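K.L.:
curious how this folds, go ahead:
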Amino acid sequence: METEVLFKDESYRIIGACFEVYNELGNGFLEAVYQEVLRHEFQLQEIPFQEKPRVGLYFKGIKLAQTYEPDFLCYEEIIVELKAAKSLVDDHRSQVINYLKSTRKKLGLLVNLGHHPGLEHERLVH
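P.N.:
Next comes the predicted model:
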């Protein structure tokens with residue numbers, strides 16, 4: 001039985017843009033630098049995105065007053081969380097999973113542009 005990959009083409013394009021940024025800059029910059037450059041790369045590649053949008057949080061079906069601001073929300077459905085760390089750790093994964101649960105989104109892309117010797121990325125599905 002074949003399992004369909006959630007937002008396959010969209011996530012491929014997003015990760016491709018992240019690789020483009022990493023190949024150009026490498027590692028060693030602050031997360032804010034990667035965020036700004038990735039914004040420009042999304043524009044160049046015509047990837048629909050919102051930067052730091054306020055996304056509603058839910059608890060037991062009740063919308064909370066608190067909101068969450070992911071680094072990017074692409075295609076109105078995919079949370080993109082950037083890191084500039086030596087490597088991804090479980091705390092990073094937990095953060096994205098919690099955001100997916102509380103925002104009712106199904107796919108999160110955790111992207112580490114600070115890793116050496118290459119871009120680190122993970123698909124997290126809820």
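K.L.:
any low-confidence regions in the protein?
P.N.:
1-3 (pLDDT under 70).
K.L.:
ok, now which ones touch residue 19?
P.N.:
residue 119 (C-beta atoms under 8 Å, 6 or more residues apart in numbering). Just so you know, the C-beta spots here come from the backbone N, C-alpha and C atoms, and that holds for glycine as well.
K.L.:
tell me the SS of the spatially most central residue of the chain?
P.N.:
The centroid of the chain falls nearest to residue 80 when counting by C-alpha atoms, centre = their mean (1.3 Å). With DSSP: H, G, I helix; E, B strand; the rest coil as the basis, residue 80 sits in strand.
K.L.:
what's the closest non-adjacent residue to it?
P.N.:
Leaving aside its sequence neighbours, residue 80 sits nearest to residue 72 (C-beta to C-beta, 6 or more residues apart in numbering; 4.0 Å).
K.L.:
mind checking what helix or strand follows the longest helix that the chain contains in sequence?
P.N.:
Secondary structure assigned by DSSP state H gives helix 8-25 as the longest helix of the chain. Next along the chain after helix 8-25, taking DSSP states H and E as the criterion, comes helix 31-44.
K.L.:
any idea how far that following helix is from the middle of the chain?
P.N.:
12 Å (C-alpha atoms, centre = their mean, to the nearest Å).
K.L.:
identify each buried residue in that helix, please.
P.N.:
Of all the residues in helix 31-44, those buried under the rule 16 or more other C-beta atoms under 10 Å are 34, 35, 37, 38, 39, 41, 42.
K.L.:
what lies in contact with it?
P.N.:
Residues contacting helix 31-44 (C-beta under 8 Å, 6+ apart): 14, 17-18, 20-21, 24-25, 49, 51, 71-72, 74, 82-84, 113-114.
K.L.:
just the buried members of these?
P.N.:
14, 17-18, 20-21, 49, 51, 71-72, 74, 82-84, 113-114.
K.L.:
which among these gets closest to residue 101?
P.N.:
Of all the buried ones among the contacts of helix 31-44, residue 101 sits closest to residue 71, with 17.8 Å by C-beta to C-beta.
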